[in-house]
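In: have a look at this fold, sequence not included:
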């Protein structure tokens, strides 16, 4: 599928001045909102108090259009093809976990790189992970009420879901009216669905980015309304209705520090284990580093399996080093149970993941979508233990795809114990040819320029939309 280039003359226009002098009129409530409000919830108030809409003046000029071909064209990775856009305004809807937030930040970084004057706003849930992570990344954040779907779906807590959903849609509608974006980008999380619906009601271009091998319910529904659906894998296209017409395979956006790969293995290991720098060259060649990722909050089953295994492994293998991220919630308990060892580093959370990946020879991890793709992008052999608690079995499907693409070893939680995990670690670390094959397959399966390609597609879509309005 190709985006056909159009003659530049169709994109040239005079500067347009848009001013707003009078207070904005209240938005018309669509039949969708009215029906939802009337469906058994008439006694509840759906219209919250909204902040006043700021008067904004924008001056933008379209100088030319960026035409793009399908993302497997290597020329898309060049930033030289990007065309500056004055006052480009983009809203991101992302939240819940780092797997939804950091891809959005990676895309935002590329949009800022292509257009330093771009205005970017993130919408998310108050007092959430995104409310801290987004400002730390240097972007504006605004909160909208949450509309969480509880599991199981027939839970009594979902009784008032329609009320909270409509409330969140209306809040999102007002936020979009105030910011007046050219495009809305949804990368997942509970906030993504109501913001996506509000974008459609506002007539704003909507694109979504699906990180998992198989989409969740929210993105599957939004795919009917979205202009473009960015997916990470070819196999994901078949999971969307009419996917061939809307889906663009770009891979998953990874943080720029991982793409640069400007830290050597020796330097990275020295950051975690300073005394490793005192080793001779022969000893350094034999050293193996095991990186265990228990998730940002913790993976109890993984922590327990390693707890019964780590000390014996360190005693038997003098060339083994372990970096163990326990997760924030599990750290205090694990710290009290784990014995100190000069070749073991225990951390609640890893802030410098680029260094951790650079130092590692083998990774043991859950199978979250972004963790899987970062493993591919860094070319690391892996043992994946998918969480059984994630909705729609996403992690098991991610892990199965990783096994096909990169030869990852998959251990289900039912199979997991210290013996099974220990045998898998020993088998992979003890076979250099196997590790080299897994690394090579991983690198071939990844597209480290995913965020660049998605950003360029977004710029092209906005340019086409602007041209049509002229």
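Out: The structure has been received and is ready for your questions. Keep in mind it's a predicted model, so treat the numbers as computed, not measured.
In: where in this structure is pLDDT low?
Out: Applying pLDDT under 70 to the chain flags the ranges 1-86, 150-153, 243-244, 277-278, 280-282, 284, 295-298, 470.
In: show me what stretch 109-122 is in contact with.
Out: Applying Cβ atoms under 8 Å, 6 or more residues apart in numbering, the contact partners of stretch 109-122 are 79, 82, 84-94, 104, 108, 130, 134, 139-142, 175, 179, 181, 253, 256, 451-452, 454-456, 458-459. Any C-beta I mention is one placed from the backbone N, CA and C, and that applies to glycine too.
In: count of neighbours near the nearest residue to residue 328 once chain neighbours are set aside?
Out: The shortest distance from residue 328 to any non-neighbouring residue, by Cβ to Cβ, 6 or more residues apart in numbering, is to residue 348 (4.8 Å). By the criterion of other Cβ atoms under 10 Å, residue 348 has 18 neighbours.
In: and for the helix or strand where residue 436 lies, what's in contact with it?
Out: Assigned by DSSP states H and E, residue 436 falls within helix 432-445. For helix 432-445, the surrounding residues in contact (Cβ under 8 Å, 6+ apart) are 361-362, 375-382, 405-408, 427-429.
In: and if you look at stretch 386-403?
Out: So stretch 386-403 is contacted by 151, 212-214, 216-217, 233, 235, 295, 299, 366-369, 372, 375-376, 382, 384-385, 408-410, 412-413 (Cβ under 8 Å, 6+ apart).
In: separation between residue 436 and residue 372?
Out: Per Cβ to Cβ, to the nearest Å, residue 436 is found 20 Å from residue 372.
In: rewinding a little: buried members of the contacts of stretch 109-122 into ChimeraX, please.
Out: To isolate the buried ones among those in ChimeraX, judged by 16 or more other Cβ atoms under 10 Å, type:
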select :82,85,87,88,89,90,91,92,93,94,104,108,130,134,139,141,142,175,179,181,253,256,451,452,454,455,456,458,459
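In: narrow the contacts of stretch 109-122 to those in helices?
Out: Among the contacts of stretch 109-122, the members found in helices (DSSP state H) are 104, 108, 130, 134, 175, 179, 256, 451-452, 454-456, 458-459.
In: coming back round to it: of the contacts of stretch 386-403, just the buried ones, PyMOL syntax please.
Out: In PyMOL syntax, the buried subset of these is picked out as below (16+ other Cβ under 10 Å):
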select buried, resi 212+213+214+216+233+295+299+366+367+368+369+372+375+376+382+384+385+408+409+410+413
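In: from the contacts of stretch 386-403, which land in strands?
Out: Among the contacts of stretch 386-403, the members found in strands (DSSP state E) are 382, 384, 409-410.
In: out of the residues you listed, which comes closest to residue 124?
Out: Nearest to residue 124, judged by Cβ to Cβ, of the ones in strands among the contacts of stretch 386-403 is residue 384 at 28.1 Å.
In: next up, the contacts around the closest one.
Out: Counting by Cβ under 8 Å, 6+ apart, residue 384 touches 365-367, 372, 398-399, 402-403, 408-411.
In: kindly report the same for residue 286.
Out: residue 319.
In: kindly recompute the last result at 10 Å.
Out: Contact analysis of residue 286 by Cβ atoms under 10 Å, 6 or more residues apart in numbering lists 279, 317-320.
In: write the PyMOL selection for whichever of those residues are buried.
Out: Applying 16+ other Cβ under 10 Å to the contacts of residue 286 leaves a buried subset, and the PyMOL line that selects it is:
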select buried, resi 279+317+320
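In: now, the most widely separated pair of the contacts of residue 286?
Out: Spatial extent of the contacts of residue 286 (Cβ to Cβ) is set by the pair 279 and 317 at 14.8 Å.
In: coming back round to it: what is the nearest of the ones in helices among the contacts of stretch 109-122 to residue 206?
Out: Using Cβ to Cβ, these come closest to residue 206 at residue 458, 11.2 Å.
In: surely that closest one and residue 206 touch.
Out: No - Residue 458 is not in contact with residue 206 according to Cβ atoms under 10 Å; the separation is 11.2 Å.
In: common neighbours of these two, please.
Out: Shared contacts of residue 458 and residue 206 (Cβ under 10 Å, 6+ apart): 183, 185, 228.
In: nearest to residue 418 among the residues you listed?
Out: So of the shared contacts of residue 458 and residue 206, ranked by how close each gets to residue 418 (Cβ to Cβ), first place is residue 185, at 42.9 Å.
In: what packs against the helix or strand containing the closest one?
Out: Using DSSP H and E, residue 185 falls within strand 183-188. Strand 183-188 makes packing contacts with strand 89-94, helix 98-114, strand 119-124, helix 192-202, strand 205-210, helix 217-222, strand 228-231, helix 450-469 when contacts are defined by 3 or more Cβ pairs under 10 Å, 6 or more residues apart in numbering; DSSP states H and E.
In: the longest one versus helix 98-114: what angle between them?
Out: Regarding helix 450-469 and helix 98-114, their directions subtend 60 degrees when assessed with axes from the mean of the first three to the mean of the last three Cα atoms, to 10 degrees.
In: ok now helix 450-469, how far from the chain's centre?
Out: Helix 450-469 sits 20 Å away from the centroid of its parent chain (Cα atoms, centre = their mean, to the nearest Å).
In: could you shift the numbering so residue one becomes 585, and keep it that way?
Out: With 585 as the first residue, the last one maps to helix 1034-1053.
In: show me what that helix packs onto, helices and strands only.
Out: Here helix 1034-1053 touches strand 673-678, helix 682-698, strand 767-772, strand 789-794, strand 812-815, strand 831-833, helix 840-844, going by 3+ Cβ pairs under 10 Å, 6+ apart.
In: can we see that at 7 Å?
Out: Helices and strands touching helix 1034-1053, by 3 or more Cβ pairs under 7 Å, 6 or more residues apart in numbering; DSSP states H and E, are helix 682-698, strand 767-772, strand 789-794, strand 812-815.
In: how about those in a markdown table, adding distance to residue 752?
Out: Formatted as a markdown table, those follow (distance: least, Cβ to Cβ, whole Å):
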| stretch | distance to residue 752 |
| --- | --- |
| helix 682-698 | 16 |
| strand 767-772 | 13 |
| strand 789-794 | 16 |
| strand 812-815 | 22 |
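In: residue 685 touches residue 676, doesn't it?
Out: No - using Cβ atoms under 7 Å, residue 685 is not in contact with residue 676; the gap is 9.1 Å.
In: out of the contacts of helix 1016-1029, which are buried?
Out: 945-946, 959-966, 989-992, 1012-1013.
In: okay if I get the helices and strands packed on strand 767-772 as TSV plus distance to residue 974?
Out: Shown next, in TSV, are those (distance: least, Cβ to Cβ, whole Å):
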stretch	distance to residue 974
strand 673-678	17
helix 682-698	10
strand 703-708	20
helix 776-786	16
strand 789-794	15
helix 801-806	13
strand 812-815	18
helix 1034-1053	22
